[in-house]
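Asks: please work out how this folds:
(2 chains)
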Amino acid sequence: MKPTTKLADLILLLCFAAAVAAGPVILAPIGAGYPDLLDKFVIYGIFAVGFNILFGLTGYLSFGHAAFLGVGSYAAVWSFKLISMDLLPAVLASVVLSGLLALVIGFVSLRRSGIYFSILTLAFAQMCYNMAYSVLTPITNGETGLRVLRDDPRVLDAALGRTGFTPSLAGLEMTGWTGYYVSGAILVIAFAISIAIFRSPFGMTLRAIKSNQKRMGYTGYNTRPFLLTAFVISGMYAGLAGSLLAATDPLAGAERMQWTASGEVVLMTILGGAGTLLGPVLGTGLIKYFENIFSAYNAHQLDVTFSFLPDGVREWVVHGLGLFVGEGWALTLGLLFMGVVIFLPGGIMEGIMRLGRLKRTPIVKSLGDSPQRDVIGERAIDEMPPEDGSAPARKEAPKGETHAGEPQKPVKSSEMKAATS
Amino acid sequence: MSTSPIVLHIDNVSKTFAGLLALSNVNLDIREGETHAIIGPNGAGKSTLLNVCIGGLEPSRGKVLLAGTELTGRRPHEINQLGVARVFQTPEIFGDLTVIENVMMAILSHRDGAFRPRFVTRFDQQSDIGRTAGAALEKLGLGDHLHHIAGALSRGDKRRLELVMSVVQEPKLLLLDEPTAGMARADTNATIEILRQFKDAGMTIVIIEHDMHVVFSLADRITVLAGGRVIAQGLPEDIKGNPKVVEAYLGEEQV
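Replies: Got it, this is the predicted structure:
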């Protein structure tokens, strides 16, 4: 597998930026070309891109990333209330605070790996969620949610004589298409940073940790600080996404921290392809699309769609499909997710790569849950032996001459006699 | 040989597991540039000795020093940074990375230390590290596999890769734990050949091995463990004729 070049990465970034810029046009035919939904695409895209730096590269599955999203939102609203409706201080406050929280949670959680790490992060996130509703009510305003009020100090705004109530970036109000393009530009920057991390020695260290942590130790790496750094970075991405959520709708509620939100980002990343650059963004788009479009369908619309069928059949069809739309959109998502995990364990990106490979070579050998790499074409896989990694004996070794099959095999007496004679 | 400085000093080490004596007053000095084999029947305490040296197992008594620095109680990455490279019985490599990336990781930790995150530069195979890694792989016969996923290599090539990863770190001491166990004869001979190159380059090697062919092909000195004790130590020809060794291996009735 040849390494990617700087040029290829630059092209990827430019294409990505172009896709974000043309998003309203590209997505209009499927009914997603309106700013509210596109805002969600890009903001949750940032969330997933950051999550992927942790999960995709190191394999550590955090089930508590929504805590950082929530803290980011609260920090942003407090920045709106105390300093200014400008986005810059809000983003700074969110990123710093969520980074600090990630440092604490990561420091404790990363003492364990695998399922125990996931449970620890989940526990921390649920703790944050419950505290937002209880002891922290003075800060979070409990169930009502935190919002900007008329008598808030907003010292910077007061000094500059600004009175508006819409979050803005240097005068650009974060509403409608302006809001989308500001968030979109931030997504492109976040994506560029993610590419840099993937290609850096740091990113390779994270991949190596995922591949073989024991070897890392004996190769001289202290893995925990690397993991903690990745955890903090992904927490900061989540905080950034949280502040943008607050900017498009300056009301922060604790439900953003609930475990379902943590689970959602896991789904987005796996659906798109964990460990790939584009996968998380694609996964986010798909899930948010389902959430918004499928949940909006109702029985009447289905009736209209299937009006060409005879009455009896139509009732059946509408009744059956009705389970999968509207309130039941999660059922569709669940089926889709099952399908992807079973048939494309590498997510949508694996599907795209397989198509790419089909074009080049007629025979495709699937590795099942092979390491998911973000470069199209894995020649080594084509040359894999049929067994899982246990290669057949080399050609020059005549059959039957393999020896010492079991480790700890005692020395044959004949061998020892030969040695001692 | 006996005048060279001591690299690894195992000083009167004992280890008991719940009352069971696994190691009893083991003394052993590994000198610079020698290849030292540790052999012994099953349950002799070879693995325990290895774990006491570099596996994070605390000895009940005694200590282990690497060029004067105490090793006991240190974590694997600290021991590696002090200059010990370890090769496992089953090759431990980064199976998801390419062959050259594996070696670059080893060079990187040798250059940068245990923790130095670099975000801005590229992990580039055209860099110094990449070229060094490529040359080292070429030299040991993995030049055709640079961009293959390491997990797909044959067992012999995985072992070869692990050895390249060790040697690029220029270790003070290379520790091998049954490096040819479960290998085909051809792969065993290839491994012996590589280790002989290392030996000729002056590397200090400790090898724990069952295969007498490997031991007598490489070792300058041999230590025989049995029942947690050192029962013999010396040059290969002395060990061969030592009746205590024959007895430990074959049992009394066969002597």
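
Asks: low-confidence ranges, the stretch 251-400 of chain A, go.
Replies: Within the stretch 251-400 of chain A, the stretches falling below the threshold (pLDDT under 70) are A:359-400.

Asks: switch to 80 and redo it
Replies: Counting by pLDDT under 80, the ranges of the stretch 251-400 of chain A that qualify are A:297-299, A:358-400.

Asks: now swap in the stretch 151-255 of chain B and tell me
Replies: B:248-255.

Asks: so which residue is dead centre in chain A?
Replies: residue A:48 (2.7 Å; Cα atoms, centre = their mean).

Asks: can you name the residue of the stretch 151-255 of chain B nearest to chain A?
Replies: residue B:154 (3.5 Å; Cβ to the nearest Cβ). (Glycine included, C-beta is placed from N, CA and C.)

Asks: got a list of what residue A:306 touches?
Replies: A:314, A:317-318 (Cβ atoms under 8 Å, 6 or more residues apart in numbering or on different chains).

Asks: all strands of chain B, in order?
Replies: Counting by DSSP state E, chain B has strands at residues B:6-17, B:20-31, B:35-39, B:61-66, B:69-70, B:84-87, B:173-177, B:205-208, B:221-226, B:229-234.

Asks: now those strands as CSV including mean neighbour count and distance to chain A?
Replies: Listed next are those as CSV, based on neighbours: other Cβ atoms under 10 Å in any protein chain shown; distance: least, Cβ to the nearest Cβ, whole Å:
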stretch, mean neighbour count, distance to chain A
strand B:6-17, 18, 16
strand B:20-31, 18, 15
strand B:35-39, 25, 8
strand B:61-66, 18, 14
strand B:69-70, 12, 15
strand B:84-87, 26, 5
strand B:173-177, 25, 10
strand B:205-208, 24, 11
strand B:221-226, 23, 11
strand B:229-234, 17, 12
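
Asks: buried residues, the helix of greatest length in chain B. List them.
Replies: The single longest helix within chain B, with elements called by DSSP state H, is helix B:185-200. Neighbour counts over helix B:185-200 (16 or more other Cβ atoms under 10 Å in any protein chain shown) mark B:185-192, B:194-195, B:198-199 as buried.

Asks: against which helices or strands is it packed?
Replies: Using 3 or more Cβ pairs under 8 Å, 6 or more residues apart in numbering or on different chains; DSSP states H and E, the elements in contact with helix B:185-200 are helix B:155-167, strand B:205-208, helix B:212-218.

Asks: any buried residues in the helix or strand encompassing residue A:78, and which?
Replies: Secondary structure from DSSP states H and E places residue A:78 in helix A:66-82. Neighbour counts over helix A:66-82 (16+ other Cβ under 10 Å) mark A:66-81 as buried.

Asks: list the contacts of residue B:79.
Replies: For residue B:79, the contacting residues are B:54, B:66, B:71, by Cβ under 8 Å, 6+ apart.

Asks: dump those residues to a markdown table, plus pLDDT and distance to residue A:241.
Replies: Output for the contacts of residue B:79, formatted as a markdown table (pLDDT from 0 to 100; distance: Cβ to Cβ, whole Å):
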| residue | pLDDT | distance to residue A:241 |
| --- | --- | --- |
| B:54 | 84 | 44 |
| B:66 | 93 | 48 |
| B:71 | 90 | 46 |
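
Asks: for those, give me a markdown table that also has distance to residue A:185.
Replies: Formatted as a markdown table, the contacts of residue B:79 follow (distance: Cβ to Cβ, whole Å):
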| residue | distance to residue A:185 |
| --- | --- |
| B:54 | 51 |
| B:66 | 54 |
| B:71 | 53 |
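
Asks: okay, residue 79: pLDDT?
Replies: No chain in the question, so chain A it is. In this model, residue A:79 is scored at 94, pLDDT.

Asks: um, chain B though
Replies: pLDDT, residue B:79: 94.

Asks: can you give me the helices for the stretch 101-250 of chain A?
Replies: A:114-133, A:137-140, A:155-160, A:176-199, A:201-211, A:213-218, A:223-248 (DSSP state H, counting those that start in this stretch).

Asks: buried deepest among the ones you listed, which one?
Replies: Neighbour counts (mean count of other Cβ atoms under 10 Å in any protein chain shown) averaged over each of the helices of the stretch 101-250 of chain A peak at helix A:223-248, with a mean of 26.

Asks: so for it, mean pLDDT?
Replies: In this model, helix A:223-248 has a mean pLDDT of 96.

Asks: residue A:346: which of the buried residues of helix B:185-200 is nearest?
Replies: The shortest approach to residue A:346 among the buried residues of helix B:185-200 belongs to residue B:187, at 32.1 Å (Cβ to Cβ).

Asks: what's the closest non-adjacent residue to residue A:261?
Replies: residue A:66 (3.6 Å; Cβ to Cβ, 6 or more residues apart in numbering or on different chains).

Asks: distance of the one you found from residue A:73?
Replies: The gap separating residue A:66 from residue A:73 is 10 Å, by Cβ to Cβ, to the nearest Å.

Asks: now swap in residue A:183 and tell me
Replies: 14 Å.

Asks: and residue B:99, by the same measure?
Replies: Plainly put, residue B:99 is 45 Å away from residue A:73 if you go by Cβ to Cβ.

Asks: do the same with residue A:117
Replies: For residue A:117, the distance to residue A:73 - Cβ to Cβ - is 25 Å.

Asks: all set now, cheers.
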